[in-house]
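Participant: how does the following fold in three dimensions:
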Amino acid sequence: MVLLPAVEHETTPNPNASVIWLHGLGADGNDFAPIVPQLNLPKKLGIRFIFPHAPSIPVTVNNGYVMPAWYDILEMKIDRKVDSGQLLKSADSIAMFIKDQINKGIPSERIILAGFSQGGAVAYQTALSSSVKLAGLLAMSTYFATSNSINLNDTNKNIPVEIHHGTFDPVVPEHLGQKAMKFLGDKGYEVRYKTYPMEHNVCPQQISDISTWISSVLS
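Facilitator: Residues are numbered from 1 along each chain as shown. A predicted model of the protein is given here:
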């Protein structure tokens, strides 16, 4: 099993839970690593945070410029036109991280998958098609790129799904977050949707809410 390179941060020795957190287009695993101390999680929670680095590939909408990306974006239409094959390959790569954490003694039910923007699209695909029961899914400023093709697995039908979006997001319009919420709600998933007065980023109130959510899911 060859994993993508990643940044890891453990809140305590011998953690008993994991959060696999995927960055957005053009960033890398270092982008969200500094958020761990800001979460100020309870000391009783022993969590291994894993921030994988996406491979660098040419991105069509950026004139073919090579940058870290989970998949190519072919057109910036309202709903995006993406390279679904690359997205599925990235989802398989993240599934390998889940398997690795299980092999290291973390129960699958204590593994959270989180993703921002492109990373969120991969997180949707990975978590909701997985045959391994997870703890929860956090989707931030993102869209459900494979909603029309995904084979939803009932194993994770009842996990908590938390969707966050900025009301002023010029990169991923908020209606795409609402569309994902409606799709999952119509399928019977437990979805909580929260908005923040921000653009394509995270904000202090959101970080506080993420901390509360992680604590609730893993407590």
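Participant: residue 185: what's it in contact with?
Facilitator: Counting by C-beta atoms under 8 Å, 6 or more residues apart in numbering, residue 185 touches residue 191. All C-beta atoms are positioned from the backbone trio N, CA, C, and that covers glycine.
Participant: how about the helix or strand that contains it: buried residues?
Facilitator: Per DSSP states H and E: residue 185 is located in helix 174-186. The neighbour-count check on helix 174-186 (16 or more other C-beta atoms under 10 Å) flags 176, 177, 179, 180, 181, 183, 184 as buried.
Participant: ramachandran angles for residue 10?
Facilitator: Dihedral pair for residue 10: phi -110, psi 130, per degrees, to the nearest 10.
Participant: can you tell me the element the closest residue to it other than its chain neighbours falls in?
Facilitator: Leaving aside its chain neighbours, residue 10 sits nearest to residue 48 (4.9 Å; criterion: C-beta to C-beta, 6 or more residues apart in numbering). Secondary structure from DSSP H and E places residue 48 in strand 47-52.
Participant: now tell me what touches that strand from outside.
Facilitator: Strand 47-52 is contacted from outside by 3-12, 15, 17-23, 29-33, 36, 41, 93-94, 97, 101, 106, 214, 218, using C-beta under 8 Å, 6+ apart.
Participant: other SSEs contacting the helix or strand that it is followed by?
Facilitator: Using DSSP H and E, the next helix or strand after strand 47-52 towards the C-terminus is strand 56-59. For strand 56-59, the packing partners by 3 or more C-beta pairs under 8 Å, 6 or more residues apart in numbering; DSSP states H and E come out as strand 65-68.
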